[in-house]
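Undergrad: Got a predicted structure here, sequence first:
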Amino acid sequence: MNFEDVMYVANEKNPFSQLVGMKIIELDEDHSVGILPVTDKLLNPHGILHGGVYYTLADTAAGVLSRTGNKKNVTLEGKLNFIKGIGSGTMIKAVANKLHKGSKTGVFTVMIYDENENILAAGIYTMFFIE
């Protein structure tokens, strides 16, 4: 599967991605970029973006990156540190980078930014390759 095919599956064949509005906009062998518009429906009771949305975007960016090279995967472990909250009406961006990609596992860092490049969250994800 080439990069365009991986992005197509992530964006068009993933109902959950469509539900929350996230989209993968860049992908190559070493990094991926996903974006998500923050809407009122994605906020927690405190009026800031729900932590699960941050995690979902980060996990998806790492997962899509791990699929390059025709590897199907599942998340083995993910850790995300929340640094700053954000409200509705902005776009957030997750940038995933490859640290290691072996035959059975891959390790990827993910940084989430707001529109002004302020860091909102930082994480590390380990993916297990099932094929």
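TA: Ah, there it is. Numbering: from 1, shown residues only.
Undergrad: in a helix, that's where residue 60 is, yeah?
TA: Yes. Assignment of residue 60 by DSSP: H, G, I helix; E, B strand; the rest coil places it within a helix.
Undergrad: Who's the closest spatial neighbour of it, skipping the chain neighbours?
TA: Nearest residue to residue 60 in three dimensions, chain neighbours excluded: residue 34, at 5.8 Å (CB to CB, 6 or more residues apart in numbering). Bear in mind the C-beta positions are built from the backbone N, C-alpha and C, glycine included.
Undergrad: Surely residue 29 is in contact with residue 67?
TA: No. Because the distance of 11.2 Å does not satisfy CB atoms under 8 Å, residue 29 is recorded as not touching residue 67.
Undergrad: pretty sure residue 77 contacts residue 123?
TA: No. With contact defined as CB under 8 Å, residue 77 does not count as touching residue 123 (10.4 Å).
Undergrad: Just want to know which of the two has more residues nearby.
TA: Neighbours of residue 77 and residue 123, each counted by other CB atoms under 10 Å, are more numerous for residue 123; the result is 22 against 11.
Undergrad: mind listing what the more buried one touches?
TA: The neighbours of residue 123, taking CB atoms under 8 Å, 6 or more residues apart in numbering as the test, are 55, 58, 62, 78, 79, 80, 81, 109, 110, 112.
Undergrad: Name the residues that touch the helix or strand harbouring residue 77?
TA: Taking DSSP states H and E as the definition, residue 77 sits inside strand 73-82. Outside of strand 73-82, the residues within contact range by CB under 8 Å, 6+ apart are 51, 54-55, 58-59, 62-63, 66-67, 105-106, 110, 120-130.
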